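Dropping a prediction and its sequence here:
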Amino acid sequence: MSLINLANDDFRNHLYNQTKDGKRLWIYPGRIIGQLYKLRSYFSYLLLTLLFGLPWIVHKGQPIFLFNVIERKFIFWGVPFYPQDFHLVALGLVCFLIFISLFTVLFGRIWCGWACPQTIFMEMLFRKIEYWIEGDDKAQRRLNESTWTNEKIAKKGSKHTLFILVAFAISNTFLMYIIGKPEWLQIVTGNPREHIKGLIVMLIFTAIFYLVFARFREMVCMVVCPYGRLQGVLLDNNSILVQYDHVRGEPRGKAVKMETKGDCIDCHWCVRVCPTGIDIRNGSNQLECIGCTSCIDACDAVMEKIDKPTGLIRYDSYNGVNSGTKLKFTTRIGAYSSVLVLIVGILTYLLITRKSWESTLLRTPGMTFQVDEKLQTVSNLYNLEILNKSMEDQTFTVRVDKPLELIWIGQKLGKIEKGKQVKTEFFIRTTIGSWKQGEKIPIHIQDNQGKEETLKTSFIQPND
Ligand code: SF4
Ligand code: SF4
């Protein structure tokens, strides 16, 4: 993407929060409360309520979301998924990646600014606590540079205590998503000696969240997050981003007599409020821009003060700024959309037709047929596994058609508890010569809802 042609493009050579010799520069973003900030706040309260509230909701004795990677148990909107559903999970992930790509082509980093947990926790929880205790950016800088006094100890102490408490709450919430509410409750209410591992994990999570939001901060977006790295390849000149209108704003500076200047008065408010410390006037497609819209609010406030139209910094495309053209439907968007619709269609079909149980039938490996000379019968041994994938206990029956006969030697199927798998064995027996050589035999499995599945498997017998 083209950028404004700047004489001084030193900003390209190092991160904004680093000195030229690589030292970290602490960023003190100024506080600005504008229309977009208010909207983002309301939206973040909704997301935070969902994030902290959902693990407490139990449906049919199970959480409605669970990502238990340790036990390979996953629940999504109340629907349990098992390793046997891996194809659905893989397809869901592909779907998600294509959606993210398409969305980014259209709307840039709107996810980063409005919905990413890192931004929401940082800007809507930790930053607000910091403003509340230490004051605005200037007060924070003064406090950091001042010598240690009782006031500084009290402010820093209370801020970091609150930070640790919030990190602890986030850590516990994430743990609930991983192990589920009942197991989490056992850890926090049970004898600590019996839950050492769980408590250690909880403390490690807390320490990580605390360090991320108290120290690492914008470095997550600049250095760690792979999504930020992808922006350069996904965005084009029609992507909607937070844009500085250089056509209207340049040449920047305060107008003096007989001199024509653009609308940007070079007040630096947009830079001062930026949580990653960048200057949006250097171009919209900067790696560090998380699309948080603070610079839009800041510049609009300045424009109102100097009696100029707002929107010098706004959501727009680069082409929109240059020529006034609206968002175009490009071939790339068309191709992404078609693939997305196709995959979502397949995924929806697979989800709708997904059975609430999964069965696997195998003729017992390494076993040959058994002949009973006296009864003139031949039999084969089979292994059957049934996984009850539903949230309720289910009852199963197995039957075969004549002239076949089923003889249980393992557990006769009956009730299988929710989420449980049962393995059993049985013989299929028939009179010698009554079943066609090489023909597969059908075995019918039925659940208590009357849903039936017929599995076909080989049946070996002596040659005629
Ligand atoms: S806030 Fe607006 S007027 Fe001030 S420097 Fe930024 S773009 Fe220019
Ligand atoms: S440039 Fe503007 S939108 Fe981008 S991170 Fe900074 S304040 Fe937020």
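Looks like it arrived, so ask away. Residues are numbered from 1 along each chain as shown. Ligands and ions are numbered 1, 2, ... in the order given.

tell me which element the residue in the stretch 101-250 of the chain positioned nearest to ligand 2 falls in.
Minimum separation of the stretch 101-250 of the chain from ligand 2 (CB to the nearest ligand atom) falls at V242, amounting to 4.0 Å. C-beta here means a position set from N, CA and C on the backbone, and glycine is covered the same way. V242 is located in strand 241-244, with elements delineated by DSSP states H and E.

So for N8, what's the pLDDT?
At N8, the model reports a pLDDT of 57.

from here on, count from 679
Shifting the count to begin at 679 puts that one at N686.

what is the mean pLDDT for the longest helix anywhere in the chain?
As assigned by DSSP state H, the longest helix anywhere in the chain is helix 828-857. For helix 828-857, mean pLDDT is 96.

Just list what that helix packs against, helices and strands only.
On a contact count with 3 or more CB pairs under 8 Å, 6 or more residues apart in numbering; DSSP states H and E, helix 828-857 meets helix 713-731, strand 743-746, helix 805-812, helix 815-823, helix 859-867, helix 874-889.

picking that back up, quick one: name whatever helix or strand follows the strand holding V920.
Going down the chain from strand 919-922, the next helix or strand is helix 924-927, by DSSP H and E.

Residues contacting that next one, please?
Contact with helix 924-927 is made by I682, G940, D941, C942, R959, L990, V999, N1000, as judged by CB atoms under 8 Å, 6 or more residues apart in numbering.

Would you mind checking those residues for buried ones?
Among these, those buried by neighbour count (16 or more other CB atoms under 10 Å) are G940, D941, C942, R959, L990, V999.

Put together a markdown table for those residues, with pLDDT on each row.
Listed next are the buried ones among the contacts of helix 924-927 as a markdown table, based on pLDDT from 0 to 100:
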| residue | pLDDT |
| --- | --- |
| G940 | 89 |
| D941 | 92 |
| C942 | 95 |
| R959 | 93 |
| L990 | 94 |
| V999 | 90 |
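
Helices - which of those land there?
Counting by DSSP H, the part of the buried ones among the contacts of helix 924-927 found in helices is V999.

quick one: which of the buried ones among the contacts of helix 924-927 is nearest to ligand 2?
Ligand 2 lies nearest to R959 out of these, by CB to the nearest ligand atom, at 9.1 Å.

per-residue confidence at the closest residue to the closest one other than its chain neighbours?
Nearest non-adjacent residue to R959, counting by CB to CB, 6 or more residues apart in numbering: Y922, 4.7 Å away. pLDDT, Y922: 94.

and T1075, what does it touch?
Contact analysis of T1075 by CB under 8 Å, 6+ apart lists L1091, I1123, Q1124.

Q1072 is in contact with the first one, correct?
Same thing as L1091. No - in this structure, L1091 is not within contact of Q1072 by CB atoms under 8 Å, at 10.2 Å.

burial measure for L744, as a count.
21 (other CB atoms under 10 Å).

Give me the neighbour count for the closest residue to it other than its chain neighbours.
Leaving aside its sequence neighbours, L744 sits nearest to I753 (CB to CB, 6+ apart; 4.0 Å). Residues lying near I753 (other CB under 10 Å) number 20.

ok, I753 to A768 distance?
To A768, I753 is 17 Å away according to CB to CB, to the nearest Å.

quick one on the thing from earlier: does the residue nearest to L744 sit in a helix, a strand or a coil?
strand (DSSP: H, G, I helix; E, B strand; the rest coil).

can you confirm I778 is in a helix?
Yes - assessed by three-state DSSP, I778 belongs to a helix.

Surely it touches Y905?
Yes - using CB under 8 Å, I778 is in contact with Y905, at 7.4 Å.

Now for the residue in the stretch 979-1128 of the chain that ligand 1 sits nearest to, how many residues are close by?
Using CB to the nearest ligand atom, the single residue of the stretch 979-1128 of the chain nearest to ligand 1 is V980, 4.7 Å away. When neighbours are defined as other CB under 10 Å, V980 has 20 of them.

which residues does it contact?
With CB under 8 Å, 6+ apart as the criterion, the residues that contact V980 are I943, C945, W947.
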